[in-house]
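Visitor: attaching a predicted model along with its sequence, questions to come.
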Amino acid sequence: MNAHFRRPLARWGFTVCALVALLTAQPGPFLVTTVLALYAWRCRPRRRRR
């Protein structure tokens, strides 16, 4: 499941969903999508140092 969160669509998709939930004043979906967005941003692939 970790590989699914590494995709840019997951990062930006969950971020947009969290913002929409925030703007429409939905606290439950906002909290869930915020946690998923943070996890997706944390799982993104990083460049290796030489």
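Guide: Here it is on my side, so go on.

Visitor: quick one, strands of this structure?
Guide: In the chain, no strands are defined using DSSP state E.

Visitor: got the buried residues for the worst-scoring helix or strand of it on mean pLDDT?
Guide: Ranking every helix and strand in the chain by mean pLDDT, DSSP states H and E puts helix 2-5 at the bottom, with a mean of 76. Buried residues in helix 2-5, counted by 16 or more other C-beta atoms under 10 Å: Phe5. Yep, even glycine has a C-beta here, placed from its N, CA and C like the rest.

Visitor: could you do stretch 20-33 as well?
Guide: Residues of stretch 20-33 classed as buried by neighbour count (16+ other C-beta under 10 Å): 21, 30, 33.

Visitor: looking at those, which is nearest Arg11?
Guide: Nearest to Arg11 among the buried residues of stretch 20-33, counting by C-beta to C-beta, is Thr33 at 11.9 Å.

Visitor: contact partners for that closest one?
Guide: Contact analysis of Thr33 by C-beta atoms under 8 Å, 6 or more residues apart in numbering lists 14, 17-18, 21.

Visitor: so which elements touch the least confident helix or strand of the chain?
Guide: Judged by 3 or more C-beta pairs under 8 Å, 6 or more residues apart in numbering; DSSP states H and E, the packing partners of helix 2-5 are helix 27-42.

Visitor: CA-only coordinates of the helix it packs on in CSV, if you can.
Guide: Taking Å, rounded to 0.1, in the frame of the first residue of the first chain, the C-alpha atoms of helix 27-42 are listed here in CSV:
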residue,chain,number,x,y,z
PRO,A,27,-14.5,18.3,10.2
GLY,A,28,-14.7,14.5,9.9
PRO,A,29,-13.6,14.2,6.3
PHE,A,30,-11.1,17.0,6.8
LEU,A,31,-9.3,15.1,9.5
VAL,A,32,-9.2,11.8,7.6
THR,A,33,-8.0,13.4,4.4
THR,A,34,-5.4,15.5,6.2
VAL,A,35,-3.9,12.4,7.8
LEU,A,36,-3.8,10.6,4.4
ALA,A,37,-2.3,13.7,2.7
LEU,A,38,0.4,14.0,5.3
TYR,A,39,1.2,10.3,5.0
ALA,A,40,1.3,10.6,1.2
TRP,A,41,3.7,13.6,1.3
ARG,A,42,5.9,11.8,3.8
